[in-house]
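Visitor: got a structure for you, letters missing:
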């Protein structure tokens with residue numbers, strides 16, 4: 001096992017509602033090492049996306065603590081958490097979130113350029129070739145299929161060599177064949193780069209490819225087998 005890269009201790013999230021306080025997550029504990037892969041599954045409203053947001057530092061818990069890359073996120077202000085995300089985290093979303101005004105190469109180069117990487121073009125080109133888009137560098141997102149757009153998003157997410165990649169329903173908008181290809185790609189890059197992979201998914205086949213699986217029901221952890 002590698003060194004711990006992401007931990008959650010007694011993690012709870014409570015929000016106000018018309019009926020009073022609503023508990024979305026209750027005292028969840030979790031530890032992930034470098035190179036691990038984790039699937040978070042559960043029905044709609046079970047707390048999956050809330051947990052992902054807390055683990056990624058996009059939101060803060062009501063109680064408990066998340067530690068990412070050695071930093072207790074609750075001790076940081078938003079600018080400091082943004083810096084931690086920029087240095088250690090990558091994201092892949094169901095909706096791709098590519099910039100229409102940029103071509104595929106420029107979309108992947110953008111986070112590298114913002115980080116001051118002098119090899120941005122070379123690194124982005126290499127990754128797009130790695131995901132099978134070496135002939136689509138100058139294509140805009142509108143000229144790409146859904147599967148191709150998601151491959152660009154994956155290349156962008158891995159470009160800065162994140163310690164942790166968070167993927168929220170990465171195959172949710174794709175057909176079965178394309179979704180399987182995207183899943184293969186995620187796990188290939190996870191293995192090659194040593195990046196820890198955290199997936200929120202409704203796809204049980206995708207979930208069971210991970211080292212670990214968390215199933216949530218009404219904000220409670222109901223199963224966490226080490227080898228699903």
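Guide: Ah, there it is. Everything numeric here is computed off the predicted structure, so don't read it as measured data.
Visitor: I'd say residue 49 and residue 166 touch.
Guide: No - checked against Cβ atoms under 8 Å, the pair residue 49 and residue 166 is beyond contact range at 10.4 Å. Any C-beta I mention is one placed from the backbone N, CA and C, and that applies to glycine too.
Visitor: need the residues touching each of the two.
Guide: residue 200 (Cβ atoms under 8 Å, 6 or more residues apart in numbering).
Visitor: so which of those two has more stuff around it?
Guide: Taking other Cβ atoms under 10 Å, residue 49 and residue 166 do not tie; residue 166 has more neighbours (25 against 18).
Visitor: how much space is there between residue 99 and residue 108?
Guide: Between residue 99 and residue 108 the distance is 11 Å, computed by Cβ to Cβ, to the nearest Å.
Visitor: the residue nearest the centre of the chain and residue 207, how far apart?
Guide: Taking Cα atoms, centre = their mean, the centroid of the chain lies closest to residue 166, which sits 0.9 Å from it. In this structure, residue 166 lies at 15 Å from residue 207, with Cβ to Cβ as the measure.
Visitor: can you verify the residue nearest to the centre of the chain is assigned to a helix?
Guide: No - counting by DSSP: H, G, I helix; E, B strand; the rest coil, residue 166 is not found in a helix; it is strand.
Visitor: that one and residue 88 touch, don't they?
Guide: No - with the criterion set as Cβ under 8 Å, residue 166 and residue 88 do not qualify as a contacting pair; they are 10.9 Å apart.
Visitor: and the lowest-mean-pLDDT helix or strand in the chain, what does it pack against?
Guide: For the chain, scoring each helix and strand by mean pLDDT, DSSP states H and E identifies strand 220-223 as the least confident one, at a mean of 76. Applying 3 or more Cβ pairs under 8 Å, 6 or more residues apart in numbering; DSSP states H and E, we find strand 220-223 packed against strand 20-33, strand 212-217.
Visitor: give me the contact list for the first one.
Guide: Residues external to strand 20-33 that are found in contact with it (Cβ under 8 Å, 6+ apart): 1-16, 38, 47, 50-51, 54-55, 61, 63-64, 164, 196, 198, 212, 214, 216, 219-221, 224.
Visitor: hmm, back to that, looking at residue 99 and residue 108, which has the bigger crowd around it?
Guide: For residue 99 against residue 108, the residue with the higher neighbour count under other Cβ under 10 Å is residue 108, and the figures read 30 against 12.
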